[in-house]
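[1] Sequence first, then the predicted structure, then my questions.
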Amino acid sequence: MKNKLVCITSGLVLALALWSVSGAAPQASPASAQSGQGGGQPSMAAIQAACAEDAQKFCATVQPGGGRIVACLKEHKVSLSDRCRQAAGLPAKPSGSSAPSAADSPAKPSGSAAAPSVPAADSHTKPAATSKADPEPVVFNERWVKRTVVDAQQGGMNAVDIHLPESWHFEGKIEWHYGWVEVPVNPSWHAENPANSEAYIQYEALRLVNVEVAPQYRQYVKAAKPGERGPTGQINLAPMPPLQAMELFIKKTRGDVANLKWMGQQDLPELAKVLRLDPSPNQHGVAIKIGYDLDGKPVEEAFFGVYYLNKAGTQGVQIGQTKMAANSLVQTNWGFQALQSFRAPAGTLDKRMPVYCLIAKSVQFTPQWNMRYKAIDATLTQMFNQKLQQGWDQLRAAQAIQDQTMKDQAAFQANFDRQERAMFHDSGGGGGSSGGSGGGFLRDESHDHFSDLMRQVDTMNDPSSGGTKEVSNLGGYNHFTDGFGHYRSYDSPNDTPENTGENGSWTRMTEAP
């Protein structure tokens with residue numbers, strides 16, 4: 001694709017020239033900032049030469065490449081030599097700064113889960129306070145300030161810091177859903193340039209799920225409809241490849257715009273590392289660029305996201321005579337992290353991409369809020385797992401009650417049979433009633449099938465013992481045994497243990513006379 005969509009993976013030199021080691025930026029024009037030369041800016045060669053001894057002293061064990069040396073030097077900025085600080089354009093003594101650093105990266109929250117939400121107020125924040133000794137940085141001829149997203153549901157705690165051009169409007173919100181164990185919190189924000197259609201948008205995390213159920217259990221599991229949100233907060237949808245999934249999201253988000261055009265797409269396999277997201281299985285960054293009309297004027301917008309996919313099955317479970325084989329249910333969690341877009345007037349998006357990249361790299365979740373999030377997430381997960389365990393315990397208890405009831409019913413029937421024999425048969429003495437040789441009432445000695453029906457059992461020939469076996473008919477009337485004391489029952493005459501995933505050799509049992 002000819003159109004350049006991102007600078008994150010290939011434009012780190014720009015960030016280094018802008019912010020150097022300290023996070024405080026001298027004035028720069030786009031041209032000089034990209035080259036790192038001219039206009040009074042220190043060149044990269046000069047910085048490297050002046051800071052070589054510092055790099056050797058503080059960063060000897062750091063592998064070069066990917067901005068790691070610069071990040072290391074930034075961590076030791078207070079101890080840097082005057083020569084290195086002067087080459088980087090730093091004052092003689094270090095001072096704090098509110099400027100964003102391209103070596104910094106967002107510490108995105110990981111995991112998921114959620115419940116009824118309390119309304120979260122949007123935050124329209126003021127620029128961060130600065131002093132004469134600590135002026136607001138000017139980059140690309142624009143003054144930059146820090147904006148903060150406040151978490152109203154956590155007592156007004158500052159959750160996220162973002163650096164933007166001072167003139168841009170900003171709105172952000174944090175929404176908690178304590179009942180959704182997979183998506184407990186959803187931060188999002190929106191920044192716009194009032195002078196034109198430029199915008200930077202961070203969308204809520206897109207967390208999707210798909211559950212595959214083995215055929216023999218589908219009658220017990222209610223299938224979720226595509227697009228329906230489940231009880232854990234995820235949206236039900238079968239997984240699809242990253243670019244196809246991103247295209248679907250764009251159609252849903254921008255499906256009503258005028259003159260929609262698809263302008264290009266790009267794989268960004270290192271995007272998760274660049275943004276320093278928490279690792280997830282099968283992470284893969286993608287980008288798609290589109291064009292459309294906004295308020296009658298053509299604009300371009302590039303969407304970015306880090307795709308992930310995690311697939312796992314259930315363990316085997318034995319509850320009484322009921323056995324659920326391993327992987328009877330297979331769940332696939334998938335979706336997008338760091339889902340965001342950059343918009344600009346048509347023909348200017350590529351030129352302005354370094355500005356957007358700098359905004360994205362400045363996003364920083366506050367340590368206090370991150371700790372609060374992780375504590376809440378851990379508590380919700382623990383509560384969810386306890387409920388799952390209670391569910392299994394209740395199933396096992398119900399099976400134990402059913403087994404005990406069957407034993408009690410069998411003991412009652414045996415006692416009833418003894419009383420019946422004493423009442424209606426001779427005790428073995430002398431003469432009896434006419435028409436018979438035994439003296440008592442004649443009785444059909446065949447099995448009492450009416451009694452079986454009342455007790456909800458079937459008396460079957462048991463090939464494993466050569467005798468008979470009473471088997472509950474609550475699960476069906478077609479009974480099988482493997483000859484080792486295991487029995488299975490089915491409603492459908494076509495079902496067998498083998499075609500429902502059972503192991504071993506099974507024999508269909510026949511009804512006892």
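    Yes, it's here. Numbers count the residues shown, from 1 in each chain.
[2] For the helix or strand where Ile69 lies, what does the pLDDT average out to?
    Assessed by DSSP states H and E, Ile69 sits inside helix 68-75. The average of the pLDDT scores along helix 68-75 is 78.
[3] Repeat that for stretch 489-499.
    Stretch 489-499 carries an average pLDDT of 85.
[4] mind listing what's buried in stretch 235-251?
    Ile235, Asn236, Leu237, Pro239, Met240, Pro242, Leu243, Ala245, Met246, Glu247, Phe249, Ile250 (16 or more other CB atoms under 10 Å). All C-beta spots, glycine's among them, are computed from the backbone N, C-alpha and C.
[5] Give me the number of neighbouring residues for the closest residue to the fourth one other than its chain neighbours.
    Which is Pro239. Of all residues not flanking Pro239 in the chain, Trp334 sits nearest, at 4.8 Å (CB to CB, 6 or more residues apart in numbering). For Trp334, the neighbour count with other CB atoms under 10 Å is 24.
[6] Thought Gln234 was touching Trp334, still the case?
    No. Contact between Trp334 and Gln234 fails when scored by CB atoms under 8 Å: they sit 9.3 Å apart.
[7] what residues are shared contacts of the two?
    Any residue near both Trp334 and Gln234 by CB atoms under 8 Å, 6 or more residues apart in numbering counts here, and that gives Leu208, Val209.
[8] follow-up on the earlier one: in strands, which of the buried residues of stretch 235-251 fall?
    Those of the buried residues of stretch 235-251 mapping onto strands are Ile235, Asn236, per DSSP state E.
[9] Dump the buried residues of stretch 235-251 to JSON lines, plus distance to Gln340 and pLDDT.
    Output for the buried residues of stretch 235-251, formatted as JSON lines (distance: CB to CB, whole Å; pLDDT from 0 to 100):
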{"residue": "Ile235", "distance to Gln340": "19", "pLDDT": "92"}
{"residue": "Asn236", "distance to Gln340": "24", "pLDDT": "92"}
{"residue": "Leu237", "distance to Gln340": "21", "pLDDT": "94"}
{"residue": "Pro239", "distance to Gln340": "22", "pLDDT": "94"}
{"residue": "Met240", "distance to Gln340": "20", "pLDDT": "94"}
{"residue": "Pro242", "distance to Gln340": "15", "pLDDT": "95"}
{"residue": "Leu243", "distance to Gln340": "16", "pLDDT": "95"}
{"residue": "Ala245", "distance to Gln340": "15", "pLDDT": "95"}
{"residue": "Met246", "distance to Gln340": "12", "pLDDT": "95"}
{"residue": "Glu247", "distance to Gln340": "16", "pLDDT": "95"}
{"residue": "Phe249", "distance to Gln340": "11", "pLDDT": "95"}
{"residue": "Ile250", "distance to Gln340": "12", "pLDDT": "96"}
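[10] tell me which of the buried residues of stretch 235-251 is nearest to Gly155?
    Of all those, Ile235 has the smallest distance to Gly155: 29.7 Å, by CB to CB.
[11] remind me which residues of the stretch 201-350 of the chain are low pLDDT?
    Residues of the stretch 201-350 of the chain meeting the criterion pLDDT under 70: 317-323.
[12] all helices of it, in order?
    Secondary structure of the stretch 201-350 of the chain by DSSP state H, counting those that start in this stretch: the helices cover 242-254, 271-274, 349-362.
[13] now those in CSV, with distance to Thr500?
    Shown next, in CSV, are the helices of the stretch 201-350 of the chain (distance: least, CB to CB, whole Å):
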stretch, distance to Thr500
helix 242-254, 34
helix 271-274, 41
helix 349-362, 51
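[14] closest one to Asp161 among those?
    Nearest to Asp161, of these and by CB to CB, is helix 349-362 at 7.6 Å.
[15] Go through the closest one and flag the buried ones.
    Buried-residue list, helix 349-362, by 16+ other CB under 10 Å: 349-350, 352-362.
[16] continuing past it, what's the next helix or strand?
    strand 364-365.
[17] quick check, nearest of the buried residues of stretch 235-251 to Leu73?
    Once CB to CB is applied, the member of those that ends up nearest Leu73 is Pro242, at 34.9 Å.
[18] wait, what's in contact with the closest one?
    Asp267, His284, Val286, Tyr307.
[19] didn't the last one look like it was pressed against Phe336?
    Looking back up the chat, that one is Tyr307. Yes. At 5.8 Å, Tyr307 counts as touching Phe336 under the criterion of CB under 8 Å.
[20] Find residues that contact each of the two.
    Ala245, Met246.
[21] Without its sequence neighbours, what residue ends up closest to Cys84?
    Closest to Cys84 by CB to CB, 6+ apart is Cys51, at 3.9 Å.
[22] Go ahead and confirm that neighbour touches Ala87.
    Yes. Taking contacts as CB under 8 Å, Cys51 lies within contact range of Ala87: 6.6 Å.
[23] what about those two, which has more around it?
    Using other CB under 10 Å, the more surrounded residue of Cys51 and Ala87 is Cys51, with 25 against 21.
[24] Contacts only, for the residue lying closest to Val62 once chain neighbours are set aside.
    In space, and not counting its chain neighbours, Val62 is closest to Cys72: 4.8 Å by CB to CB, 6+ apart. For Cys72, the contacting residues are Ala55, Phe58, Cys59, Val62, by CB under 8 Å, 6+ apart.
[25] from these, which would you call buried?
    Counted by 16+ other CB under 10 Å, the contacts of Cys72 give Ala55, Phe58, Cys59 as buried.
[26] For Gly172, pull up the helix or strand it's in.
    strand 169-176.
[27] Just checking: what are the partner strands of that strand?
    Strand 169-176 sits in its sheet next to strand 185-192 (antiparallel), going by DSSP bridges.
[28] List the buried residues in the strand it pairs with.
    Val185, Asn186, Pro187, Ser188, Trp189, Ala191, Glu192.
[29] Run the angle between that strand and helix 349-362 for me.
    Between strand 185-192 and helix 349-362, the angle comes out at 140 degrees (axes from the mean of the first three to the mean of the last three CA atoms, to 10 degrees).
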